[in-house]
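Provided below for reference: sequence and predicted model.
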Amino acid sequence: MAYKEGDSNRLVYGIDSHGFTCGGQTTFKGVTLDLSNSKNLYYLNPLDLLSVVNIPYAKKICVNGCPSSTTLCSAYGLPCTQNSQFQCPYYRFAEDNLYGKLSNVQDVDTAYFSALPTMASTTDSQATALINQLVGLNIPWINTYLSSYNITGSGPITGYYYQLQSQIPGKGPCYPVWVPTTDYFHRCFPSYPSNLTSEVVSLVNGVASVIGDDALNAFKDKWNSLSDRFARYIADISKGILLIVVAGLVGGVVLSLIWLIILRYLAGFMAWMTIILVNLVLIGITLYCFSLAGMLGDNEVSKDIASNLPGFMDGVSTSLEKDQWKWIAIGSAVVAGIVLLITLLMIRRIRIAVACIKVASQAVGAMPSILLFPLLPFVLEVGLLIYWIAVTAMLYTAGDLTANCRSSTSHQPFNWNSLKNLSASSLAPSFNSSSSTASCYNNVTRDEMISYCAEDPNCYLSYNWNSKLQYAFIYHFFGLLWTNQFIVGFSCVTVAGAIAYYYWSQGDTAQMPALPVLAALKNTVVYHLGSIAFGSFIVAVIMFIRFLLEYLDRKTRDLQAANKCAEWAMCCVKCCMWCLEKIVMFINKNAYIMVGVKGTSYCVSAGRAVALIVQNALRLITVNFVGDILIFLGKVGVAAGCGLIAFGMSEISYYNDPTKYPDTYLASPVLCVAISVITGFVVAQIFFSVYDMAIDTIILAFCEDCESNGGNPRYAPPLLMEAMGMAATSKVAPAPAPAK
């Protein structure tokens, strides 16, 4: 449906004021209009863009290229006579009823200024008033032009009159190119020059008022500054691509591997140091709070703390402040005491947690190819994202051509009449004003709607979704959620299955399959896709409901503002759904592990996983806490290291010497460094996701081993047995392969 009704050209090149797609062909009143070579959207009157809310209503056409500074019509060179200095509406929709009156002009031509004199003499009821206004201005070049072509307020009108009329802002039938334009994504946006004010003022010579500097600066800030900075940033990215690859990608891989090696041999030391550091920090905070409360007395410790914080201590002087710090200190002491007590009581479990981390490191080391496995789900995710974006883009451009109108009083267009009273005060409201739109021209044919809307300054055309397309997008969005969760589940089951081979073999690689990762991948594809699809569907439904609640929340903001009960109810429902999503995702992850470890169905695995979690809650919490801290420190360390490498590279002359290396000089290294940091973090996330899954698989397999053998694990690797204070059992036959 998306590719049948959508058109990517509408998104890439845009649509003009007639609803025609630039870069394509369309049909109007049975005639084919070919715009295949017209792939740039040009705004006929740049003054329309002075109002932000007026941009959708600005009249635009499709042109071959954006006018540059070499084709400008300067107010100091009036009258402008070159054809390239003007852009006109399509000849098929020529203003002042000129269609059919010019020679050798095609229907989609937009440069027929020079062809205006070829028309035969005609009459125009509005010409007399304008000619009289021009005569009253008494501008030399206008007087000369009028006399040269015998243009008077009475008598027939020729094409030379329309050439004169085109010199005036907003009058047509052709429009002068007053300012150079820049091509941004095939849109010709004006680059307002600093002398825009004097250009306009000189044009109307005593009739128009000077545009205020504040309004002009606002225009320049909006169109020039943002675009210039965007262009510089894009240029920096292209120039610093080698820096990003080396620092972010290569650096991220190397630093991630180094951190995994450190965890392999120093996991116990790092875990215990982290736990000790947490306790010391809490104790230090407690002492600090007691010192601020003045409860440490005049002993040396109190004096040392006070001397190290002189500025802050001076501010805590009143009894009220000390009383507040007293209760904060008591609360801190309670927290520090509880954490210290938990640490002492859980030393044995902490040893098991450290052992699980070490065993996970051994398992990863026994099958190093598992570190490359995340590339497969990564490629699948990228493919899914590309497909989803492509289909979404096509859906976005599909729909029915609809006319959207605003009230004629909601906005004053910038034209000949408005220029007479143009000032900063009249421009400022346009940046904050808004107007409501409604569908219009509904009871006419499509071609009539195009003609009417194109001529109406308060109307613009757009492609709006019908109910069929809305349902198609809902289906497409749910497909994204479900497929994304399916890929996540596929990765979890495969990694868990590979790590399970190591555990059930008691850490003996000789008893493992030759290629455990491929064996686990085969089992997942052949036997477990149904379980993954079911589990991912449950999560996707909950996520979809949450998105619906967010949509409903946005649509009922006014109702919630008027009714606090409705606001409270919405907040509670959203909070409950968030909690439900987190709980289901946690159960889902452990269910996937059990699918990979035992090979049972999803429901059986989920039930068994919940039972193991409840029966071994403290053990699992300890392992997850210690493992999550080490992995988080690793991610932050890798990202920070990538940032330092990128920053160091940006300081070499290859990137900061514009004279010697102009092609690679960076205007600012900030964006390249930031991208390197993000890239490094993503790389670390990919590597450590395997490590995190390995830790969870080891501890869950260990719990299953204990529960299945009366509390005495039978297949645990020696490190785990040693952590439990048990002698390593003699080699036993490896556990049977997971059930199919």
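Good, I have the coordinates.

use CA for all of it now, contacts and neighbours both
Fine.

Could you report the distance from Met270 to Ile631?
Distance of Met270 to Ile631, computed by C-alpha to C-alpha, to the nearest Å: 11 Å.

what's the answer for Pro368, then?
Pro368 sits 18 Å away from Ile631 when distances are taken as C-alpha to C-alpha.

who has more neighbours, these two?
Ile631 (20 against 12; other C-alpha atoms under 10 Å).

Which residues are in contact with the more buried one?
Residues near Ile631 by C-alpha atoms under 8 Å, 6 or more residues apart in numbering: 688, 692.

Use 59 as the first number from now on
That works, and once the first residue is 59, the last one we named lands at Ile689.

Within the helices and strands, which one has it?
Applying DSSP states H and E as the criterion places Ile689 in helix 675-708.

Just the buried positions in that helix, please.
By neighbour count on 16 or more other C-alpha atoms under 10 Å, the buried set for helix 675-708 is 677-678, 680-682, 684-685, 688-689, 692-693, 695-705, 707-708.

Can you report how many residues neighbour Leu402?
Look at Leu402: counted by other C-alpha under 10 Å, it has 11 neighbours.

Check what pLDDT it gets.
For Leu402, the pLDDT comes out at 82.

elements contacting the strand or helix carrying it?
For Leu402, the element it lies in under DSSP H and E is helix 377-403. Under the contact criterion of 3 or more C-alpha pairs under 8 Å, 6 or more residues apart in numbering; DSSP states H and E, helix 377-403 touches helix 309-350.

The helix it packs on versus helix 377-403: what angle between them?
Helix 309-350 runs at 130 degrees relative to helix 377-403, counting by axes from the mean of the first three to the mean of the last three C-alpha atoms, to 10 degrees.

Now do helix 309-350, average pLDDT.
Mean predicted confidence for helix 309-350 is 80.

And stretch 163-173, by the same measure?
Summarised as a single mean, pLDDT over stretch 163-173 is 90.

Point to the residue nearest the middle of this structure.
The centroid of the chain falls nearest to Ile447 when counting by C-alpha atoms, centre = their mean (12.3 Å).

and that one, what pLDDT?
83.

quick one: contacts for Pro104?
By C-alpha under 8 Å, 6+ apart, the contact list for Pro104 reads 236-237, 248.

if we can go back for a sec, tell me how far the helix holding Leu402 lies from the chain's centre.
42 Å (C-alpha atoms, centre = their mean, to the nearest Å).

cool, stretch 656-666 as well?
That offset, for stretch 656-666, works out to 37 Å (C-alpha atoms, centre = their mean).

Check stretch 747-757 too.
Using C-alpha atoms, centre = their mean, the offset of stretch 747-757 from its chain centre is 30 Å.

ranges for the helices of the stretch 659-798 of the chain?
660-673, 675-708, 711-714, 728-766, 776-781 (DSSP state H, counting those that start in this stretch).

now do the stretch 459-608 of the chain
Under DSSP H, counting those that start in this stretch, the stretch 459-608 of the chain gives helices at 474-477, 482-485, 504-513, 525-562, 574-585, 587-613.

on that earlier part again, taking their axis directions, the helix holding Ile689 and helix 377-403 sit at what angle?
Here helix 675-708 runs at an angle of 110 degrees relative to helix 377-403 (the same axes, to 10 degrees).

tell me the mean pLDDT over helix 675-708?
On average, helix 675-708 scores 83.

Show me which residues of stretch 212-220 are buried.
For stretch 212-220, the neighbour count (16+ other C-alpha under 10 Å) marks 215-220 as buried.

Please, which helix or strand holds Cys246?
Here Cys246, judged by DSSP H and E, is contained in strand 245-248.

So, low pLDDT: which residues of this structure?
Counting by pLDDT under 70, the chain shows low-confidence ranges at 59-61, 108-110, 250-296, 353-380, 466-494, 725-726, 781-798.

Quick one: closest of the helices of the stretch 459-608 of the chain to Asn103.
helix 474-477 (11.4 Å; C-alpha to C-alpha).

so who does the nearest residue to Val684 once chain neighbours are set aside touch?
Nearest non-adjacent residue to Val684, counting by C-alpha to C-alpha, 6 or more residues apart in numbering: Ala329, 6.4 Å away. Contact analysis of Ala329 by C-alpha under 8 Å, 6+ apart lists 412, 684, 688.

Including distance to Val583, could those residues go into CSV?
Output for the contacts of Ala329, formatted as CSV (distance: C-alpha to C-alpha, whole Å):
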residue, distance to Val583
Val412, 33
Val684, 33
Leu688, 32
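
Which one of those residues is nearest to Pro231?
Nearest to Pro231 among the contacts of Ala329, with distances taken as C-alpha to C-alpha, is Leu688, at 70.5 Å.

Just confirm Thr737 contacts Gly309, I think it does.
No. Thr737 is beyond contact range of Gly309, at 9.5 Å (criterion: C-alpha atoms under 8 Å).
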